[in-house]
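In: Sequence and predicted structure are below.
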There are 2 protein chains.
Amino acid sequence: MLESGLLSRRKLLAASALTAAAGAMPRDSFAEAPAAKKQGPGVYRSKIGSYEVTALYDGIWYLPIDEKFVGNASSRAVDKALAAAFLPPRILPVSFTALMVNTGAKLILIDTGTAGQITDSAGFMLGNLAAAGVEPKQVDMIVISHFHPDHIDGIKTKDGAKVFPNAQILVPEPEWTFWMDDGNMSRAKQPVLRYFRNARRIFTDIAGEVRRFTPGEEVAPGITSIAAYGHTPGHTAFAIASGGQSMLAMSDTAREPFLFVKHPQWQPSYDMDGPMAAATRERMLDRAAADRMLVEAYHFPFPASGHIAKTKTGYELEPVLWQPL
Amino acid sequence: MLESGLLSRRKLLAASALTAAAGAMPRDSFAEAPAAKKQGPGVYRSKIGSYEVTALYDGIWYLPIDEKFVGNASSRAVDKALAAAFLPPRILPVSFTALMVNTGAKLILIDTGTAGQITDSAGFMLGNLAAAGVEPKQVDMIVISHFHPDHIDGIKTKDGAKVFPNAQILVPEPEWTFWMDDGNMSRAKQPVLRYFRNARRIFTDIAGEVRRFTPGEEVAPGITSIAAYGHTPGHTAFAIASGGQSMLAMSDTAREPFLFVKHPQWQPSYDMDGPMAAATRERMLDRAAADRMLVEAYHFPFPASGHIAKTKTGYELEPVLWQPL
């Protein structure tokens, strides 16, 4: 009976078109149903021991990619990996999800979203923070993984006002040293030159308030920074631990999972030191898989967390199963 | 540098315990950060042509399973599949997600959630409907896939009041015929006997208002019912099509993907006709994979949609990539 009942997609669409043309279905007396025209809130909470960790969705950037996007893989191989994830070719969907940790004593934000300064299809983080019941002034601390614009732009509005007026800002020392150095900037080309200028826009006038930490340090109770250099010179990941449970926030160590978790050895153009970033990625994924760690990453599809399974050729992200808290 | 920085889970937890014991981190002057203590809203929208389709999360049931849960697979094989999805053994996390279709003219609900009548960790559908900006009285139509309690309980409160007072109710004719037949009930054993009684609790006093459809019929503009018998005698799936796009709502044809999409031939005890359900499942997954259809299923982890990829031994669900609308 299924044979007759199960329609192919083509037949389904044809049937639907016929119905619409013939006006076959009654549209009777019901009032029009107004469309919502926007996505539901992107707020997902996990409990890590006594800590409450909240993923806050900022949006997505549909980034056109060219043949040189992955230096050591063909554009055909990249398109094939996109197709395997049911995504169109030559466009990289870059998700953004910031992470808020409530330790019970402090509200700590790891990276800040794009503040709508990168693409119109992102910049929803503050709306989702509100949906999570938190006002920006309640955030006590911002911990930054690295100085790429999509991670630091949320610190300030376009007009230069602080978005989180009461938050202490912590940044990796080697990241500060690299990006705030005028000699390094003088040697930079686009798009990296733009990142140097953006780092100055965000940090110069608040430099005295920014606390620099050395990766490896505990930056807040239960939040340990981890050197994960390569993506940028001071790129940093974080481990969040409480009451016998933990989450590894990988930052940009592994970005889009359908490309770089599956193929950790691939070197995308946005990794500043490709071989170092790939080695870091491989080591962290290997450890995450071996220890069956709960992991999170800023560019994983929302809710941006899950577990890593080793495969014959690389790794797979098994997304977290959405559960009540 | 990663070697020294990347801590194992064991080391992380040990470090965290030491810190807590020593009170090493300043807990300074910040006020306490109140925990939210509940999950974020479970509302996810997709655009199918001009239709807006909203997944409404109802919750999860942590169902203890015994050695006989899958008739044709060992409990060791089932536990292994759970472990591959990073889930504990002997517990089946049964997700519930209802689907609302806004055709622009009508608000149509496919299945209704558990209304908190099955487990305390489910029953959030009405709260998520509110988060989606819809009141129960605005729902124009309820289309039921089959008469298992977790799909129909949301029609009524425990006290017997209608939850969606203005909704026309549509049910599959063969499902009605089977479950409302007193002879069938007289031959039933638990837990199926309970399902017979529950179907009467929900439907008897509103029987005159219930419209029965024959699977294969278009039940609303662009929503075509599909016979998918086996899970129950009249179990029905639905295809939603608008403007050249479509979504296949599989209902319970394939339930928990980490077990029954990966191993479609496995016959769980909740399929009333195991071999027929497995054949239906295999055919529908095969068609979904071949046509690269967007699929949805009531028990897939929220947001309960994605695509099906064929593997050597079965299929994989590639969850939908969370995007703005």
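Out: Great, that's in hand.

In: what ranges of chain A fall below the confidence cut-off?
Out: Low-confidence segments of chain A, defined by pLDDT under 70: A:1-31.

In: Now do the helices for chain A: every range, in order, please.
Out: A:2-5, A:9-22, A:75-84, A:125-131, A:149-152, A:173-179, A:182-186, A:192-203, A:274-290 (DSSP state H).

In: CA atoms only for the longest one, dumped as CSV, please.
Out: Coordinates of each C-alpha in helix A:274-290 appear next as CSV, following Å, rounded to 0.1, in the frame of the first residue of the first chain:
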residue,chain,number,x,y,z
GLY,A,274,47.4,26.5,7.7
PRO,A,275,49.7,23.6,8.8
MET,A,276,49.8,24.7,12.4
ALA,A,277,46.0,25.1,12.5
ALA,A,278,45.5,21.7,10.9
ALA,A,279,47.8,20.0,13.4
THR,A,280,46.0,21.8,16.3
ARG,A,281,42.7,20.8,15.0
GLU,A,282,43.6,17.2,14.5
ARG,A,283,45.1,16.9,18.0
MET,A,284,42.1,18.5,19.7
LEU,A,285,39.6,16.4,17.7
ASP,A,286,41.6,13.3,18.5
ARG,A,287,41.5,14.1,22.2
ALA,A,288,37.8,15.0,22.1
ALA,A,289,37.0,11.7,20.4
ALA,A,290,39.2,9.6,22.7
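
In: in it, what's buried?
Out: Of the residues in helix A:274-290, those with enough neighbours to count as buried (16 or more other C-beta atoms under 10 Å in any protein chain shown) are A:274, A:276-285, A:287-289. Backbone N, C-alpha and C define where each C-beta goes, glycine included.

In: how about the residue lying closest to A:Gln265 once chain neighbours are set aside, what does it touch?
Out: Using C-beta to C-beta, 6 or more residues apart in numbering or on different chains and skipping the chain neighbours, the partner closest in space to A:Gln265 is A:Ala278 (5.3 Å). Counting by C-beta atoms under 8 Å, 6 or more residues apart in numbering or on different chains, A:Ala278 makes contact with A:Gly230, A:Pro264, A:Gln265, A:Trp266, A:Gln267, A:Asp271.

In: For A:Arg197, state which of these is nearest.
Out: A:Asp271 (20.7 Å; C-beta to C-beta).

In: What residues does that closest one make contact with?
Out: Residues counted as contacts of A:Asp271 (C-beta under 8 Å, 6+ apart) are A:Gly230, A:His231, A:Ala277, A:Ala278.

In: Please list all residues in contact with the nearest residue to the first one once chain neighbours are set aside.
Out: With C-beta to C-beta, 6+ apart as the criterion, A:Gly230 has its nearest non-adjacent residue at 3.0 Å, and that residue is A:Ala277. Counting by C-beta under 8 Å, 6+ apart, A:Ala277 makes contact with A:Tyr229, A:Gly230, A:His231, A:His235, A:Thr253, A:Gln267, A:Asp271.

In: separation between A:Ala277 and chain B?
Out: Plainly put, A:Ala277 is 11 Å away from chain B if you go by C-beta to the nearest C-beta, to the nearest Å.

In: Check A:Val94 too.
Out: Using C-beta to the nearest C-beta, we find A:Val94 at a distance of 11 Å from chain B.

In: thought that residue was touching A:Gly59?
Out: No - the criterion here is C-beta atoms under 8 Å, and A:Val94 misses it with A:Gly59 at 9.4 Å.

In: more crowded one of these two?
Out: Between A:Val94 and A:Gly59, A:Gly59 has the larger neighbour count (other C-beta atoms under 10 Å in any protein chain shown), namely 27 against 22.

In: Show me what that one bridges to in the sheet.
Out: A:Phe96, A:Ala122 (DSSP bridges).

In: same question, the one 4 residues further on
Out: Under DSSP bridges, the beta-bridge partners of A:Leu63 are A:Leu92.

In: and if you look at A:Ala239?
Out: Beta-bridge pairing of A:Ala239, defined through DSSP bridges, involves A:Thr224, A:Leu248.

In: Now A:Glu52: closest residue in space that isn't a chain neighbour?
Out: For A:Glu52, the nearest residue in space outside its immediate sequence neighbours is A:Asn102; the separation is 4.3 Å by C-beta to C-beta, 6+ apart.

In: Sorry, slip of the keys, the one I care about is A:Glu282.
Out: Nearest to A:Glu282 is A:Pro264, by C-beta to C-beta, 6+ apart, at 4.7 Å.

In: again, but for A:Ile110
Out: With C-beta to C-beta, 6+ apart as the measure, A:Leu99 is the residue that lies nearest to A:Ile110, at 4.4 Å, once sequence neighbours are left out.

In: List the residues that contact that neighbour.
Out: Applying C-beta under 8 Å, 6+ apart, we find A:Leu99 in contact with A:Val53, A:Thr54, A:Ala55, A:Leu56, A:Leu109, A:Ile110, A:Asp111, A:Ala249, A:Glu296, A:Tyr298, A:Ala304.

In: With respect to B:Phe196, which of those residues is nearest?
Out: A:Ala55 (42.6 Å).

In: From what I see, the closest one and A:Glu296 are in contact.
Out: Yes - using C-beta under 8 Å, A:Ala55 makes contact with A:Glu296 at a distance of 7.1 Å.

In: if I look at those two, which residues touch both of them?
Out: When C-beta under 8 Å, 6+ apart defines a contact, the residues bordering A:Ala55 and A:Glu296 alike are A:Leu99, A:Ala304, A:Ser305.

In: any idea how far A:Glu296 is from A:Leu56?
Out: Here A:Glu296 is placed at a distance of 12 Å from A:Leu56 (C-beta to C-beta, to the nearest Å).

In: neighbour count winner among the two?
Out: The neighbour count for A:Glu296 versus A:Leu56, taken as other C-beta under 10 Å, is higher for A:Leu56 (31 against 25).

In: shouldn't the more buried one be in contact with A:Gly113?
Out: Yes - counting by C-beta under 8 Å, a contact exists between A:Leu56 and A:Gly113, whose distance comes to 7.3 Å.

In: Find residues that contact each of the two.
Out: Taking C-beta under 8 Å, 6+ apart as the contact criterion, the residues that touch both A:Leu56 and A:Gly113 are A:Ala98, A:Met125.

In: which stretches of the stretch 201-325 of chain A form strands?
Out: Taking DSSP state E, counting those that start in this stretch as the criterion, the stretch 201-325 of chain A contains strands spanning A:210-213, A:218-220, A:223-227, A:236-242, A:245-249, A:295-296, A:305-310, A:315-319.

In: Return the distance of the longest one from the chain's centre.
Out: Just to be clear, that refers to strand A:236-242. Taking the mean of its C-alpha atoms, strand A:236-242 sits 15 Å from the chain's own mean (C-alpha atoms, centre = their mean, to the nearest Å).

In: try the second one
Out: For strand A:218-220, the distance from its own C-alpha centre to the chain's C-alpha centre is 21 Å (C-alpha atoms, centre = their mean).

In: does any part of that strand sit near chain B?
Out: Yes - between strand A:218-220 and chain B, judged by C-beta under 8 Å from any C-beta of the partner chain, the touching residues are A:Glu218, A:Ala220.

In: Tell me which residue of the stretch 51-200 of chain A lies closest to chain B.
Out: Residue nearest to chain B within the stretch 51-200 of chain A: A:Phe86 (4.1 Å; C-beta to the nearest C-beta).

In: contacting residues around A:Leu82?
Out: When the contact criterion is C-beta under 8 Å, 6+ apart, the partners of A:Leu82 are A:Pro88, A:Pro89, A:Ile91, A:Leu92, A:Phe258, A:Leu259.

In: where does the stretch 51-200 of chain A come near chain B, residue by residue?
Out: A:52, A:54, A:57, A:59-60, A:84-87, A:93, A:95, A:102-107, A:121-122, A:124, A:131-133, A:138, A:140.

In: Type out the PyMOL command that picks the buried ones from these.
Out: Typed into PyMOL, the line below selects the buried ones among these, using 16+ other C-beta under 10 Å:
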select buried, chain A and resi 52+54+57+59+60+85+86+87+93+95+102+103+104+105+106+107+121+122+124+131+132+138+140
